[in-house]
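Participant: here are the coordinates; sequence isn't available:
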C-alpha cells in the first residue's frame, strides 16, 4: 500500500482569517501533488501576541469556525486532514486543550488527540521562556486510528521528546505518526532532526512532521524543516525554510517488510512507565 502524504509548513500570526486562507492555499498545493493525507502544523489557525489569545477563540467540540474549516477542506479536496492543533474548550478556567483533530474525506472527525506534554521550559541561550500549562490543559489519552493509509498515531511538538509515548502508540499498532509542531528556532536547530529520526528508527514507523517555520508577529521564531521520515530513519523529503509543502510516498508494505526482517519491536524486554491518570 503506497500513499502520498504531505506536511504543511507556515508561519501563522494573530489573524485567524489570514491563517486559514494561507492554510487553504497550501492544502490546495499538496492536493495538486496528489497528497491523500495532509498534516497542518501546531497552532496553524492562530499564533497570537499573547498565549491567552488562543483561549479566547477556543471552540466546543463539534462546532466553530476552525472545525468547520477543517471539515470543509477535507470534503472539498477528498483528503484525510490532520488539523494541526486548534484550541478546544477545557473545563479548567482560562485554559483550552491543544487538540489535534483527524478529519476524513466525508468531513467526519475520526480522531481527537489532546497534547499530553506541555512546554514549560526556559531556553537561556535565546532568553526565551514558555509556560504552556498556564493556558493549556494537558490531555491524557493516546490516540491511534485506522486509516486507509495505515494505523495513524497523533502526537504534538514537545511530545517528541518522550519516547514512551511513541512506544505506547506502537503497542496500539501505530505505523505512521503525524506530528504537528511549532518547534522553537534554537531547540529545532540542535534537536529536531535527531529526535524525529530517532522516533522513526526506534519504533520502525513513518513520521510526518509539519512544523511552523519563520518569524511570527509576536516576536517568536520557529524552526521549520518540516519532513517526512521513513521507518529506517531516512528523510524522504524536507523543507528547511519558508512556507510550503513537503510531499512523499509512504509504503506500508515496506514498513511491514522492515519490521519482519528487523524485528526490534518484538525484542523489547522492558516496559515503559504508564501515562498519568
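Facilitator: Cool, the structure landed. Keep in mind that this is a model prediction, so the values were computed, not measured.

Participant: all strands of the stretch 101-250 of the chain, in order?
Facilitator: Using DSSP state E, counting those that start in this stretch, the strands found in the stretch 101-250 of the chain span residues 109-114, 120-123, 128-131, 136-137, 144-147, 150-154, 176-181, 206-211, 213-215, 221-223, 226-229, 235-239, 244-251.

Participant: Show me the one of those that comes nearest residue 257.
Facilitator: Across these, the minimum distance to residue 257, taken as Cβ to Cβ, is reached by strand 244-251, at 9.0 Å. (Glycine included, C-beta is placed from N, CA and C.)

Participant: Report the buried residues of the closest one.
Facilitator: For strand 244-251, a neighbour-count test (16 or more other Cβ atoms under 10 Å) marks 244, 245, 246, 247, 248, 250, 251 as buried.

Participant: What of stretch 147-167?
Facilitator: Of the residues in stretch 147-167, those scored as buried under the neighbour-count criterion (16+ other Cβ under 10 Å) are 147, 149-160, 162, 165-167.

Participant: And stretch 169-189, by the same measure?
Facilitator: 169-170, 174-188.

Participant: still on that earlier bit, looking at the strands of the stretch 101-250 of the chain, which is nearest to residue 91?
Facilitator: Across these, closest to residue 91 is strand 136-137 (Cβ to Cβ), at 7.6 Å.

Participant: can you list contacts of that closest one?
Facilitator: The contact list for strand 136-137 (Cβ atoms under 8 Å, 6 or more residues apart in numbering) reads 90, 91, 92, 95, 96, 97, 98, 114, 115, 118.

Participant: coming back round to it: relative to residue 60, which of the strands of the stretch 101-250 of the chain is closest?
Facilitator: strand 109-114 (12.6 Å).

Participant: What average pLDDT does that closest one get?
Facilitator: Summarised as a single mean, pLDDT over strand 109-114 is 98.

Participant: Strand 150-154 and that strand, what's the angle between them?
Facilitator: 40 degrees (axes from the mean of the first three to the mean of the last three Cα atoms, to 10 degrees).

Participant: So what touches strand 109-114?
Facilitator: Residues external to strand 109-114 that are found in contact with it (Cβ under 8 Å, 6+ apart): 61-62, 67, 71, 88, 97-104, 137-143, 145, 147, 152, 154-156.

Participant: how many degrees apart are it and strand 176-181 in direction?
Facilitator: Counting by the same axes, to 10 degrees, strand 109-114 points 50 degrees away from the direction of strand 176-181.

Participant: Any buried residues in strand 109-114, and which?
Facilitator: Using 16+ other Cβ under 10 Å as the test for burial, strand 109-114 gives 109, 111, 112, 113, 114.

Participant: What strands flank that strand, and is each parallel or antiparallel?
Facilitator: Partner strands for strand 109-114, per DSSP bridges, with pairing direction: strand 96-103 (antiparallel).

Participant: Just the buried residues of the partner strand, please?
Facilitator: For strand 96-103, by 16+ other Cβ under 10 Å, it's 96, 97, 98, 99, 100, 101, 102, 103.

Participant: quick one: average confidence on it?
Facilitator: Computed over strand 96-103, the average pLDDT equals 98.

Participant: correct me, but residue 246 touches residue 228?
Facilitator: Yes. A contact is recorded between residue 246 and residue 228 when judged using Cβ atoms under 8 Å, the distance being 6.0 Å.

Participant: Now for the nearest residue to residue 165 once chain neighbours are set aside: which residues touch it?
Facilitator: Taking Cβ to Cβ, 6 or more residues apart in numbering, and ignoring the residues beside it in sequence, residue 165 has residue 159 as its nearest neighbour in space, at 5.6 Å. For residue 159, the contact set (Cβ under 8 Å, 6+ apart) comprises 115, 116, 117, 165, 179.
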